[in-house]
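S.K.: here is my input; please provide its structure:
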Amino acid sequence: MHEVPERGECVLIDLSRIHNPIIELGIRRGYVSRNWKMLKEIGAVTGDAVTIRGNQLFVNEKPMPMLVANEDSRGGRLSPYPTPLVLSPDCYWLVSVPDGGFDSKYFGPVHRSAFTHRSYRVF
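M.R.: Numbers count the residues shown, from 1 in each chain. The predicted structure follows:
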């Protein structure tokens, strides 16, 4: 992808390009597979402040309409990614739409180098 992705856009990410222990946990638990591509919406962009307080996600102090769960649908413990943080250059906070998916709330920011394609909603 050559253009800079923006908040609200959907991107396809290649999990094989991400080396993260929480992604590895997701693979072991069967949430995702190493050879999958994952479609996510960009919830925050470079320079944005991301905070998780309780079970709520905030971007630049604005509450996002998604909850942070403490366990998965099988009862497995989930821990939110440590915040507050400001996203580094070329890093993005990815969210699941609809809410409830395995995303940056758990595995943290994703570098743009993991993005393979933009995706567009067709209604």
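S.K.: tell me how many other residues surround Asp99.
M.R.: Around Asp99 there are 15 other residues, counting by other Cβ atoms under 10 Å. In this view, the C-beta of every residue, glycine as well, is placed from N, C-alpha and C.
S.K.: run through the residues that contact the closest residue to it other than its chain neighbours.
M.R.: Nearest residue to Asp99 in three dimensions, chain neighbours excluded: Met66, at 4.0 Å (Cβ to Cβ, 6 or more residues apart in numbering). Shown in contact with Met66 (Cβ atoms under 8 Å, 6 or more residues apart in numbering): 57, 95-96, 99, 105.
S.K.: now Thr116: how far from Lys40?
M.R.: As judged by Cβ to Cβ, to the nearest Å, Thr116 and Lys40 stand 12 Å apart.
S.K.: and what of Val122?
M.R.: 17 Å.
S.K.: neighbour count for these two, which is higher?
M.R.: Between Val122 and Lys40, Lys40 has the larger neighbour count (other Cβ under 10 Å), namely 23 against 4.
S.K.: surely the more buried one is in a strand?
M.R.: Yes: under DSSP: H, G, I helix; E, B strand; the rest coil, Lys40 sits within a strand.
S.K.: hey, what's it bridged with?
M.R.: Assessed by DSSP bridges, Lys40 has beta-bridge partners Val11.
S.K.: quick one: pLDDT of the residue nearest to Asp99?
M.R.: For Met66, the model assigns a pLDDT of 87.
S.K.: residues near the spatially closest residue to Ile27 that is not a sequence neighbour, how many?
M.R.: In space, Ile27 comes closest to Arg34 once its chain neighbours are excluded; the distance is 5.7 Å by Cβ to Cβ, 6+ apart. By other Cβ under 10 Å, the residues close to Arg34 number 12.
S.K.: who's in contact with Arg34?
M.R.: For Arg34, the contact set (Cβ under 8 Å, 6+ apart) comprises 15-16, 27.
S.K.: report the distance from whichever helix in the chain runs longest to the chain centre.
M.R.: Counting by DSSP state H, the longest helix found in the chain is helix 21-29. On the basis of Cα atoms, centre = their mean, to the nearest Å, helix 21-29 sits 14 Å off its chain's mean C-alpha point.
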